[in-house]
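> Generate a structure from the sequence data that follows.
(chains A, B, C and D)
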Protein chains: 4
Amino acid sequence: MALALDKEELQGFLDEVFPQVKGEFVVEHVEDMYSEIRIPISDKHLRPGGTVSGPTMFMLADVAVYATILAMIGKKALAVTTSCSLDFMRKPAAGKDLMAKCKLLKLGRVLAVGDVLIYSVGEDKPVARSTMTYSIPPK
Amino acid sequence: MALALDKEELQGFLDEVFPQVKGEFVVEHVEDMYSEIRIPISDKHLRPGGTVSGPTMFMLADVAVYATILAMIGKKALAVTTSCSLDFMRKPAAGKDLMAKCKLLKLGRVLAVGDVLIYSVGEDKPVARSTMTYSIPPK
Amino acid sequence: MALALDKEELQGFLDEVFPQVKGEFVVEHVEDMYSEIRIPISDKHLRPGGTVSGPTMFMLADVAVYATILAMIGKKALAVTTSCSLDFMRKPAAGKDLMAKCKLLKLGRVLAVGDVLIYSVGEDKPVARSTMTYSIPPK
Amino acid sequence: MALALDKEELQGFLDEVFPQVKGEFVVEHVEDMYSEIRIPISDKHLRPGGTVSGPTMFMLADVAVYATILAMIGKKALAVTTSCSLDFMRKPAAGKDLMAKCKLLKLGRVLAVGDVLIYSVGEDKPVARSTMTYSIPPK
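Residues are numbered from 1 along each chain as shown, chains lettered A, B, ... in the order given. Purely as a prediction, here's the structure:
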């Protein structure tokens, strides 16, 4: 299936739709039903002990699935998350950005399901995993 | 079971542990295995269309379970979220704060499980629900 | 909202739709957006150590949400589970039936969400909790 | 990491621990932190419309994670499921067995997390996905 948005278009659309977090999410790669999104970690994402906060990881997983859906179906700002599961498995490495690797498992007419693994950049064991279900608005 | 922290102690501890979000979470009520936590909603929590962002609701649910655990076992900043599920069911009412009502379903030696319903203040149908599992550090 | 099916009608419909498990699920109570379903536990539901198997608890939660939806919208055998989360919190009491207490949190046009607590009959602490999302077929 | 149990030992142990379902789960492949388990589908696994029942898919995912953990740590019948999430994405193909492909994402001292994709044998799109968390008993 051809991409509806390429990497630059996707980055531009995310920055436009989420102006509050412009520059926070970097589209590193996008292909058929798959994307990689990086979040540069700064102090505001940290919790006591130097770990990245849960809401930061939730947001990264959520944005990664949203971005992968948009890359496939084009600009529909109104796709909404209906449910999610998240498992936090390891403490992220200090001072490293986080990378979400997102695979769309289903892209139906009404529902889409994306699976995300989150890594500290350069590490090979995931720090977290997430599944997000999105409801896609009717045309 | 007696509370280890009352409402004021709990509020103080949250503000101390999460200085970045001081004042964001208001402990409205706490009792045995149960608490109510309110988050005053401002522009930074909103998404296009005026809806409260998913990460804000994740954070509220997460803090509510954390707070309820601490109220029972005392100040242990190192309890960590190991997994969560979240369902987003309705659009929050515009211009209203969100209230999390959290019930601890299990408070074991190693794991605690809390269930949260999130409401727009004054509404009777929940906008979201969440279950959070926390790992409790050994003494 | 008036019930589309009362207790007897609901029991009859479950037995008709799931002939393989006829008599396995007993509708104990049904009201607006809520039901209680009991499963008589026998050897086939047990695992080593005398505990009730996970699939039995999954099935009970699933049937409880399905039944509660049907009680509200009438006989639609084609409502299907799209996602679920389950937390196993305590070992069920030996020799006791399990009771699911199910509350529908959302009954939308397309999606329904039900929350279930599962108890050993007569005990006050839940052995498991579950949230099930159902997709409702268009009319 | 070396396997504690090879394919034949794992099959033998599953048949011994779950005598009620002996022969229901076929260990097709096992390697470091990964396994493939097949369930031969017969009438008892079906629901109206010819689809495989939810509890059957739950059980398959659960057994696949359990088996993969045991392959790594050896015979410990008492590892127990503490939580799970499941997404049902497509209707399984009629008359085909189901295959679970399970990857352990974490194998800690206390908790293990496994991710499972379930396929109709020979198809390339998953019918379901699941994450299971197991609690591992202390030595």
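
> Let me know the secondary structure of A:Q11.
The three-state label for A:Q11, taken from DSSP: H, G, I helix; E, B strand; the rest coil, comes out as helix.

> Now for it, how many residues are close by?
When neighbours are defined as other C-beta atoms under 10 Å in any protein chain shown, A:Q11 has 19 of them. Where you see a C-beta, it was placed from the backbone N, CA and C, and this is true even at glycine.

> Give me the nearest residue to it, chain neighbours excluded.
In space, not counting the residues next to it along the chain, A:Q11 is nearest to A:V27; the distance is 4.5 Å by C-beta to C-beta, 6 or more residues apart in numbering or on different chains.

> Select the longest helix from chain A.
helix A:54-73 (DSSP state H).

> Does it reach chain D?
No: for helix A:54-73, no contact with chain D is found by C-beta under 8 Å from any C-beta of the partner chain; the gap never falls below 12.4 Å.

> Against which helices or strands is the next helix or strand after that helix packed?
The helix or strand immediately downstream of helix A:54-73 is strand A:80-88, counting by DSSP states H and E. In this structure, strand A:80-88 makes packing contacts with helix A:54-73, strand A:128-135, strand B:80-88, strand D:128-135, judged by 3 or more C-beta pairs under 8 Å, 6 or more residues apart in numbering or on different chains; DSSP states H and E.

> can you list contacts of strand A:80-88?
Applying C-beta atoms under 8 Å, 6 or more residues apart in numbering or on different chains, the external contacts of strand A:80-88 come out as A:54, A:57-58, A:61-62, A:65-66, A:111, A:127-135, B:54, B:80-88, C:83, C:85, C:111, C:133, D:85, D:105, D:113, D:131, D:133.

> Could you rerun that using 6 Å?
The contact list for strand A:80-88, computed with C-beta atoms under 6 Å, 6 or more residues apart in numbering or on different chains, reads A:62, A:128-135, B:54, B:81-88, C:83, D:85, D:113.

> Now list the buried members of the residues you listed.
Applying 16 or more other C-beta atoms under 10 Å in any protein chain shown to the contacts of strand A:80-88, the neighbour count classes A:62, A:128-135, B:54, B:81-88, C:83, D:85, D:113 as buried.

> How about the residues of chain A by chain D?
If contact is defined as C-beta under 6 Å from any C-beta of the partner chain, the residues of chain A in contact with chain D are A:85, A:87, A:89, A:105-106, A:113, A:126, A:129.

> what's the most distant pair in these?
Spatial extent of those (C-beta to C-beta) is set by the pair A:M89 and A:K106 at 23.7 Å.

> Spatially central, which residue of chain A would that be?
Computing the C-alpha centroid of chain A and ranking residues by C-alpha atoms, centre = their mean puts A:A64 first, at 1.6 Å.

> so it sits right up against A:K103, yeah?
No: contact between A:A64 and A:K103 fails when scored by C-beta atoms under 6 Å: they sit 9.7 Å apart.

> Is stretch A:28-39 positioned near chain B?
No: judged by C-beta under 6 Å from any C-beta, stretch A:28-39 makes no contact with chain B; its nearest approach is 11.9 Å.

> residues in contact with that stretch?
Residues from elsewhere that reach stretch A:28-39, judged by C-beta under 6 Å, 6+ apart: A:1, A:7, A:10, A:25-27, A:60, A:64, A:67-68, A:71, A:97-104.

> Mind checking the pLDDT average for it?
For stretch A:28-39, mean pLDDT rounds to 97.

> Quick one, grab the pLDDT at A:V116.
The predicted structure scores A:V116 at 98 on the pLDDT scale.

> Tell me the bridge partners for it.
A:C102, A:S130 (DSSP bridges).

> That one touches A:A64, doesn't it?
Yes: under the contact definition of C-beta under 6 Å, A:V116 touches A:A64, with a separation of 5.2 Å.

> which residues are common contacts for these two?
When contacts are counted by C-beta under 6 Å, 6+ apart, A:V116 and A:A64 have A:100, A:102 as shared neighbours.

> Apart from its neighbours in sequence, what residue is nearest A:L104?
Of all residues not flanking A:L104 in the chain, A:M33 sits nearest, at 4.3 Å (C-beta to C-beta, 6+ apart).

> ok, now how distant is the one you found from chain D?
10 Å (C-beta to the nearest C-beta, to the nearest Å).

> Equivalent analysis for A:R109, please.
Counting by C-beta to the nearest C-beta, the separation of A:R109 from chain D is 13 Å.

> what helix or strand does the nearest residue to A:M89 once chain neighbours are set aside sit in?
With sequence-adjacent residues excluded and distances taken as C-beta to C-beta, 6+ apart, A:M89 is closest to D:K106, at 4.3 Å. With elements delineated by DSSP H and E, D:K106 resides in strand D:98-107, which encompasses its position.

> what do you get for A:G23?
Counting by DSSP H and E, A:G23 is found in no helix or strand.

> Now do it, the pLDDT please.
The model reports A:G23 with a pLDDT of 81.

> Would you point out the helix or strand in chain A whose mean pLDDT is lowest?
Ranked by mean pLDDT, DSSP states H and E, the helix or strand of chain A with the weakest confidence is helix A:7-17, at a mean of 91.

> Figure out how far it is from the centre of its chain.
13 Å (C-alpha atoms, centre = their mean, to the nearest Å).

> Can you show me the CA trace of the very next helix or strand once past it as CSV?
Scanning forward in sequence from helix A:7-17, with DSSP H and E defining helices and strands, the next element found is strand A:26-31. What follows is strand A:26-31 as a C-alpha-only set of coordinates in CSV (Å, rounded to 0.1, in the frame of the first residue of the first chain):
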residue,chain,number,x,y,z
VAL,A,26,11.0,13.5,15.3
VAL,A,27,9.8,11.2,12.5
GLU,A,28,12.9,9.1,11.9
HIS,A,29,11.5,6.6,9.5
VAL,A,30,8.2,5.7,7.9
GLU,A,31,7.2,2.9,5.6
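
> Using PDB, write down the CA coordinates of the next helix or strand after strand A:26-31.
Proceeding N to C from strand A:26-31, the next assigned helix or strand is strand A:34-39, under DSSP H and E. As requested, C-alpha coordinates have been extracted for strand A:34-39 and formatted as PDB (Å, rounded to 0.1, in the frame of the first residue of the first chain):
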ATOM      1  CA  TYR A  34       5.500   1.000  10.200                       C
ATOM      2  CA  SER A  35       7.200   4.100  11.600                       C
ATOM      3  CA  GLU A  36      10.000   5.100  14.000                       C
ATOM      4  CA  ILE A  37       9.500   8.200  16.100                       C
ATOM      5  CA  ARG A  38      12.100   9.700  18.400                       C
ATOM      6  CA  ILE A  39      11.600  11.900  21.400                       C
END
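
> List the neighbouring strands of strand A:34-39 plus their orientation.
Under the criterion DSSP bridges, strand A:34-39 sits next to strand A:26-31 (antiparallel), strand A:98-107 (antiparallel) in its sheet.

> Need the winner for burial among these.
Counting by mean count of other C-beta atoms under 10 Å in any protein chain shown, strand A:98-107 has the highest mean neighbour count of the strands paired with strand A:34-39, with a mean of 21.

> remind me which residues of chain A are low pLDDT?
Low-confidence segments of chain A, defined by pLDDT under 70, span residues A:48, A:77, A:139.

> Could you export the strands paired with strand A:34-39 to TSV, including columns for distance to B:L46?
Output for the strands paired with strand A:34-39, formatted as TSV (distance: least, C-beta to C-beta, whole Å):
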stretch	distance to B:L46
strand A:26-31	23
strand A:98-107	23
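
> Out of those, which is closest to D:S42?
Ranking the strands paired with strand A:34-39 by distance to D:S42, with C-beta to C-beta as the measure, places strand A:98-107 first at 26.8 Å.

> Pull the distance from the closest one to the chain's centre.
7 Å.

> and that strand with strand A:128-135, angle?
40 degrees (axes from the mean of the first three to the mean of the last three C-alpha atoms, to 10 degrees).

> outside of strand A:98-107, which residues touch it?
With C-beta under 6 Å, 6+ apart, strand A:98-107 has contacts from A:33-39, A:60-61, A:64-65, A:68, A:72, A:113-119, A:121, D:89, D:126, D:129.
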